[in-house]
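Peer 1: My questions concern the predicted model and sequence given below.
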Protein chains: 2
Amino acid sequence: MVLDQIQLADGISRVEIAQRTGLTPQTVSGIVRRLLDEQIVREDGASRVAGGGKPRTTLRVNADAGSAVGLVLDPLELTCSVVDLLGRPLVVKRRPTPPGTDPSHVVAAMAELVADVLAKAGVPRDKVLGLGLVTPGPIDQQSGVIVAPPQLAHWTRVPLQQMLGDATGLPVTLDNDATAAAVGERWAGRAKGVANVAYLFFGTGIGGGLILNHQVYRGGSRNAGEFGHSTVLSDGPECYCGNRGCLERLVNPSAIVAETHRRLAERSGTGGSALARSYAQDPALVDHAAIQRAAGAGDPVATAVVDEAARHVASVAVSIANFIDVDLIILGGQGIQHVESRYVEAVASVLAARPLARHIRVVEVAASALGTDAAVVGSAALVLHAAYSPQLSELVSA
Amino acid sequence: MVLDQIQLADGISRVEIAQRTGLTPQTVSGIVRRLLDEQIVREDGASRVAGGGKPRTTLRVNADAGSAVGLVLDPLELTCSVVDLLGRPLVVKRRPTPPGTDPSHVVAAMAELVADVLAKAGVPRDKVLGLGLVTPGPIDQQSGVIVAPPQLAHWTRVPLQQMLGDATGLPVTLDNDATAAAVGERWAGRAKGVANVAYLFFGTGIGGGLILNHQVYRGGSRNAGEFGHSTVLSDGPECYCGNRGCLERLVNPSAIVAETHRRLAERSGTGGSALARSYAQDPALVDHAAIQRAAGAGDPVATAVVDEAARHVASVAVSIANFIDVDLIILGGQGIQHVESRYVEAVASVLAARPLARHIRVVEVAASALGTDAAVVGSAALVLHAAYSPQLSELVSA
């Protein structure tokens, strides 16, 4: 809690920490002494006190005292970052994921990338607290195993945590992309200091992460935050998950491309659409990236499709507000790149009009401050969060 | 945590507490000594240990060491209970809510009822830890004020907590019915020992309570658990809340009566329906209570209406499972009396088929073990929970 206050504030004194946490000054002093000994915190000058009392020493996180590495394993691309103790990325690097089906090739490539990134950042390995690895698909955190990632053939129950730990010499933490992004925003982005946060992560599908009462909330089976699988159209199409009319079934890159193509083929509302001209030339030119860019630039067909998708997202945001009563909803991920503001506006207008408690306070919504780096910064922040955040929920559930 | 283990177990030793909590034997012994001194816990014989070690003393909650009073204020009826330290109701009494609009008359009636119940239970006032008061509609917990309860005209910002405290001499805790019911189930009902629980409370509307990581979760504006206001029909009727096609708009006593009358008037599927005969005699005979009883007895019209309502509830249960990943969903309240099992079956079959994580584990569903007493037992359990549960979330959010 003490470190949390120091991390949240841009300079804070022992007295202020005691006031904000309700701890006694003695307790705060004792804890600060230990943090200073471990060099996690540093003293940074003193501030005068109005009325001429004893000047108070300002405490800050010693950002260079340690760092963490984040790694995102995507079927097509590996992304790696190293962040300082404040969660600020020092270096971010990408390389293609080696093709083929052998996990050991992929692990070797990951270890190389980690070494590259550390060298480029000038961070010695013994200053690295750990490595946060983020992977698609179901993981078993207890055993450090990837269960059956989509698009990685034959990767059934690969002990990736162990393999990557052996290859890099670093302790490895495994998590999913949405939880990592939420932790990243909480540590270094929009959610800094916010108690209750829902993160909607738009990738190939729609995942989610939850921070409740300042803690990562994972749920009883560690699968909380599956916001993509709420029925938004009661007579909608079947979803692969077994449910009907799911948000993710309607709002995903393929569905958005299909809907855009349908409208372009029907030539309804296509006047002035640059996308319509591309489509006439070659429908394959109108892929998801092109649609997002066109919507960002105001193309009428693309904006109509994106706005319909955003309305579905907004409807789920109302349920999130009514069920979980979060303070802030963050939207992020590659899937809404270039059109973040259209999604944010659609969600904001509905959050002001529909949740039951809107007269008490309106839930805020924001685009991820970390953008498409949310997952990779978040994967490193997972290490910081595990090392330094108050893990009280663990204590209670023991 | 130590008391929580003693309360959950039916007799437990210090060694077992240490094993289950991860605390050191020394810490456990110290805490147990204090609980024994305060007479909250008692020693109850010893159990032999296999292999002939030192016998272990069995610890139990001293159920008679204290008690709590619960009071439910409904526009039509006051209900009052006194429970022991294990949350077991000793006495439950009801009386009509005094008509009229003067809060002081209602407070006087409440104080009388509390005195009655304590006398009947033979509990002296100095053994009462406090009084949990449950009211309909929005409350402001910080100031102990009822904001604007439905059906209680002119009750705008009544300082009920203060008034009732003065009238009874007991410390008063204020909360809503659904949260109280959830706490009651956690303390003395189906949710004992379960980490993550969602309670769906069927009253005039549909409210909800959440226990997450063993703690009451209230949300950022203290309005979490509004499960009644999720859109289940995307083209459904407008709800008073501002949203469309809400669960509560479709599943509430008036809506269920209207739908039953519509079917009875159309005479479709009414063969063998006792309800159809009542309706032919006088439509007013077919009220909500009659429909619930008829559905409980298998009447074809009533069961069709209830089963449709249950399907809507099941659809929301899937979102609760996907969003919050609770271990258990409890259904309770007057609104599903006589038809609890139809609702439980409908929800169970959908929870086995639709949530994304169902292959990892299927979320359980159960009818409230406390039945229609859930709110009044829960209102007393609120006092026990506030006094004895580990309030770590409060600590972290400080």
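Peer 2: Cool, the structure landed. Because the structure is predicted, anything quoted here is derived from the model rather than measured. Numbering: from 1, shown residues only, chains lettered A, B, ... in the order given.
Peer 1: who's in contact with the residue nearest the centre of chain A?
Peer 2: Geometric centre of chain A, nearest residue: A:Ala181, 1.0 Å, by CA atoms, centre = their mean. For A:Ala181, the contact set (CB atoms under 8 Å, 6 or more residues apart in numbering or on different chains) comprises A:199, A:201, A:209, A:332-333, A:368, A:370, A:374-375, A:378. (Each C-beta comes from the backbone N, C-alpha and C, glycine too.)
Peer 1: Neighbour-wise, give me the winner out of the residues you listed.
Peer 2: Highest neighbour count within the contacts of A:Ala181: A:Gly378, with 37 neighbours (other CB atoms under 10 Å in any protein chain shown).
Peer 1: Distance of it relative to chain B?
Peer 2: According to CB to the nearest CB, to the nearest Å, A:Gly378 and chain B sit 20 Å apart.
Peer 1: which residues does the closest residue to that residue other than its chain neighbours contact?
Peer 2: Distances taken as CB to CB, 6 or more residues apart in numbering or on different chains put A:Gly184 closest to A:Gly378, at 2.8 Å, once the chain neighbours are dropped. Neighbouring residues of A:Gly184 by CB under 8 Å, 6+ apart: A:87, A:370, A:374-375, A:377-381.
Peer 1: I believe A:Gly184 is in a helix; please confirm or correct that.
Peer 2: Yes - judged by DSSP: H, G, I helix; E, B strand; the rest coil, A:Gly184 forms part of a helix.
Peer 1: Briefly note if stretch A:29-38 comes near chain B.
Peer 2: No - against chain B, stretch A:29-38 shows no contacts by CB under 8 Å from any CB of the partner chain, the least distance being 14.1 Å.
Peer 1: tell me which residues of that stretch are tucked away?
Peer 2: Neighbour counts using 16 or more other CB atoms under 10 Å in any protein chain shown place A:31-32, A:35 of stretch A:29-38 among the buried residues.
Peer 1: In strands, which of the contacts of A:Gly184 fall?
Peer 2: Among the contacts of A:Gly184, DSSP state E puts none in strands.
Peer 1: got TSV for those, with pLDDT and distance to B:Leu275 too?
Peer 2: Converted to TSV, the contacts of A:Gly184 look like this (pLDDT from 0 to 100; distance: CB to CB, whole Å):
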residue	pLDDT	distance to B:Leu275
A:Gly87	87	63
A:Leu370	86	59
A:Ala374	84	56
A:Ala375	85	56
A:Val377	90	61
A:Gly378	90	57
A:Ser379	91	59
A:Ala380	91	63
A:Ala381	89	60
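Peer 1: a markdown table for these, including distance to A:Met163?
Peer 2: Listed next are the contacts of A:Gly184 as a markdown table, based on distance: CB to CB, whole Å:
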| residue | distance to A:Met163 |
| --- | --- |
| A:Gly87 | 26 |
| A:Leu370 | 28 |
| A:Ala374 | 25 |
| A:Ala375 | 21 |
| A:Val377 | 24 |
| A:Gly378 | 22 |
| A:Ser379 | 17 |
| A:Ala380 | 19 |
| A:Ala381 | 23 |
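Peer 1: A:Lys127: which of these is nearest?
Peer 2: Ranked by distance to A:Lys127 (CB to CB), the contacts of A:Gly184 are led by A:Ala380 at 13.2 Å.
Peer 1: Please, where are all the helices along the stretch 201-350 of chain A?
Peer 2: Using DSSP state H, counting those that start in this stretch, the helices of the stretch 201-350 of chain A run over A:247-250, A:253-266, A:274-281, A:288-296, A:300-324, A:340-351.
Peer 1: how about the residues of the stretch 151-300 of chain A that lie near chain B?
Peer 2: A:195-196, A:208, A:212-215, A:217-227, A:229-234, A:236, A:241-243, A:245.
Peer 1: Can you flag which of the residues you listed belong to strands?
Peer 2: Judged by DSSP E, strands contain the following of those: A:208, A:212, A:215, A:217.
Peer 1: Got a ChimeraX select line for the buried ones in these?
Peer 2: Listed next is the ChimeraX selection for buried residues among those, using 16+ other CB under 10 Å:
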select /A:208,212,215,217
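Peer 1: Can you list phi and psi of the closest residue to A:Pro171 other than its chain neighbours for me?
Peer 2: Nearest residue to A:Pro171, sequence neighbours excluded (CB to CB, 6+ apart): A:Gly130, at 4.3 Å. When read as degrees, to the nearest 10, the backbone of A:Gly130 gives phi 170, psi 180.
Peer 1: any chance of the helices of the stretch 201-350 of chain A in TSV, plus mean pLDDT and distance to B:Leu78?
Peer 2: What follows is those, written out as TSV (pLDDT from 0 to 100; distance: least, CB to CB, whole Å):
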stretch	mean pLDDT	distance to B:Leu78
helix A:247-250	94	44
helix A:253-266	95	54
helix A:274-281	93	65
helix A:288-296	96	58
helix A:300-324	96	29
helix A:340-351	97	37
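Peer 1: Can I get those helices in TSV including mean neighbour count?
Peer 2: TSV is the format used below for the helices of the stretch 201-350 of chain A (neighbours: other CB atoms under 10 Å in any protein chain shown):
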stretch	mean neighbour count
helix A:247-250	24
helix A:253-266	17
helix A:274-281	17
helix A:288-296	20
helix A:300-324	24
helix A:340-351	20
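Peer 1: Confirm for me that A:Val383 is in contact with A:Gly130.
Peer 2: Yes - using CB atoms under 8 Å, A:Val383 is in contact with A:Gly130, at 4.1 Å.
Peer 1: mind giving me the domain ranges of chain A?
Peer 2: If you go by automatic domain parsing, the domain ranges for chain A are A:2-61, A:66-183, A:192-368.
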